[in-house]
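*Asks:* Could you work out the structure for the sequence below:
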Amino acid sequence: MTTPTITADAVYSSFPAKFDSLLIRDVVAVNPSANVKKIIAQAGGSVDPGLIAEAYREPVVDITALDLGTILAACSPVTGLAVGTSAKIQYQLRSDGGTFDATSNHVTLSTAKGFLHPESISAKQDEDKGAEIQLKFWPLCTSTNPPLIVNTSQALTSTPNISALYRLGPISFEGSVVGGIQSASAKFGMEYKPFRAGGQVGAFNGYIRKRAPVLEFETTNQAILSQIGFGITGISTGLTMGFQLIGTALTSLAHVKLTVATGSYEVTDAGVSAEGDAMAKVTVTATGTISVSTSAALA
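*Replies:* Residues are numbered from 1 along each chain as shown. From the prediction side, this is the model:
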């Protein structure tokens, strides 16, 4: 196939993403956003804009993947991953009459610097997919290069693969395993701030400005209400949230476990419909940092 131009009816799929030595081979969604803030100038006496320029650009790439253990081992929700060599987002060209193009006709977005951090994890009971992890990547400028460089006629790095898949696991509340768990999620609450100065349009540096982890779970066991009430209850022993590696016994040291030792509990919902099951939603707001193990037993 010849190299597609903008006039070709070319179609692309997602493909593994690379951040220094971290290779994410099970990307299930990728969404880059330019995040451009424009200057729109309009002269007095005119009803039309006279000039449009960039005030700044702050691109970000949202990524969804599946291998919680590999990703969290390399990219902590506490420190993130400062990329200093190479980051690459890849789009694979589909082949007319086949599957994918076998030549170097693909498109990539690349940069030599940036910051990657986990944003959230979620899983539900009986869902027809595994637990998912959402990440954010903030590309940064280097030298005279913009934050993201678009490359055409590219060869692809690596191959797609799903080597580990996780599902909803047990949750321990103040030392007791909670029955009736139907969903669990963790929002790590990391806020990364790209930094610009001196008239820069794109950021060359950035920093972690805030961490505010929040965990939530839903259970059909309304007895949890008696433990928390309808106010804010302080964490005493702590809460652990598990995501189990599919195909592995809960006793194996192979699962992902999140632990919150300080903070508060709150019942944010306890609704039920006429013939439905009552569902209690518990929100756990952490103080301090969240502890993550990628080689934990859950039983």
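*Asks:* Helices along the stretch 101-250 of the chain, start to end?
*Replies:* Under the criterion DSSP state H, counting those that start in this stretch, helices of the stretch 101-250 of the chain are mapped to 224-228.
*Asks:* From the chain's centroid, how far away is the longest strand seen in the chain?
*Replies:* When the chain is parsed with DSSP state E, its longest strand is strand 114-124. Relative to its chain's centre, strand 114-124 lies at 3 Å (CA atoms, centre = their mean, to the nearest Å).
*Asks:* do the same with stretch 75-82
*Replies:* Centroid separation between stretch 75-82 and its chain, computed with CA atoms, centre = their mean, is 12 Å.
*Asks:* cool, and stretch 108-121?
*Replies:* 10 Å.
*Asks:* Now it: buried residues?
*Replies:* Judged by neighbour count (16 or more other CB atoms under 10 Å), stretch 108-121 contains these buried residues: 108-121. Glycine gets a C-beta too; all of them are placed from N, C-alpha and C.
*Asks:* on that earlier part again, let's see the longest strand of the chain as CSV, backbone CA atoms only.
*Replies:* What follows is strand 114-124 as a C-alpha-only set of coordinates in CSV (Å, rounded to 0.1, in the frame of the first residue of the first chain):
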residue,chain,number,x,y,z
GLY,A,114,6.4,14.3,29.6
PHE,A,115,4.6,13.0,32.6
LEU,A,116,2.4,9.9,32.9
HIS,A,117,0.1,9.1,35.9
PRO,A,118,-2.7,6.7,36.8
GLU,A,119,-6.1,8.6,37.1
SER,A,120,-8.5,5.8,38.1
ILE,A,121,-9.3,2.1,38.3
SER,A,122,-12.8,0.7,38.1
ALA,A,123,-14.5,-2.7,38.1
LYS,A,124,-18.1,-4.1,38.4
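*Asks:* quick one on the thing from earlier: of the buried residues of stretch 108-121, which pair is most distant in space?
*Replies:* Maximum pairwise distance among those (CB to CB): 28.6 Å, between A112 and I121.
*Asks:* returning to that earlier point: list the strands paired with the longest strand of the chain, with their directions.
*Replies:* The strands that strand 114-124 pairs with in its sheet are strand 81-83 (antiparallel), strand 132-139 (antiparallel), strand 181-187 (antiparallel) (by DSSP bridges).
*Asks:* Number of residues surrounding L168?
*Replies:* The tally of other residues near L168 (other CB atoms under 10 Å) stands at 22.
*Asks:* My guess is it contacts A131. True?
*Replies:* Yes: in this structure L168 lies within contact range of A131 using CB atoms under 8 Å: 6.9 Å.
*Asks:* so what sits against both of the two?
*Replies:* Shared contacts of L168 and A131 (CB atoms under 8 Å, 6 or more residues apart in numbering): A123, F243.
*Asks:* Any chance of JSON lines for the buried residues of stretch 108-121, columns pLDDT and distance to T152?
*Replies:* Formatted as JSON lines, the buried residues of stretch 108-121 follow (pLDDT from 0 to 100; distance: CB to CB, whole Å):
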{"residue": "T108", "pLDDT": "97", "distance to T152": "8"}
{"residue": "L109", "pLDDT": "97", "distance to T152": "11"}
{"residue": "S110", "pLDDT": "97", "distance to T152": "12"}
{"residue": "T111", "pLDDT": "97", "distance to T152": "16"}
{"residue": "A112", "pLDDT": "96", "distance to T152": "19"}
{"residue": "K113", "pLDDT": "98", "distance to T152": "22"}
{"residue": "G114", "pLDDT": "98", "distance to T152": "21"}
{"residue": "F115", "pLDDT": "98", "distance to T152": "26"}
{"residue": "L116", "pLDDT": "98", "distance to T152": "24"}
{"residue": "H117", "pLDDT": "98", "distance to T152": "29"}
{"residue": "P118", "pLDDT": "98", "distance to T152": "31"}
{"residue": "E119", "pLDDT": "98", "distance to T152": "29"}
{"residue": "S120", "pLDDT": "98", "distance to T152": "33"}
{"residue": "I121", "pLDDT": "98", "distance to T152": "34"}
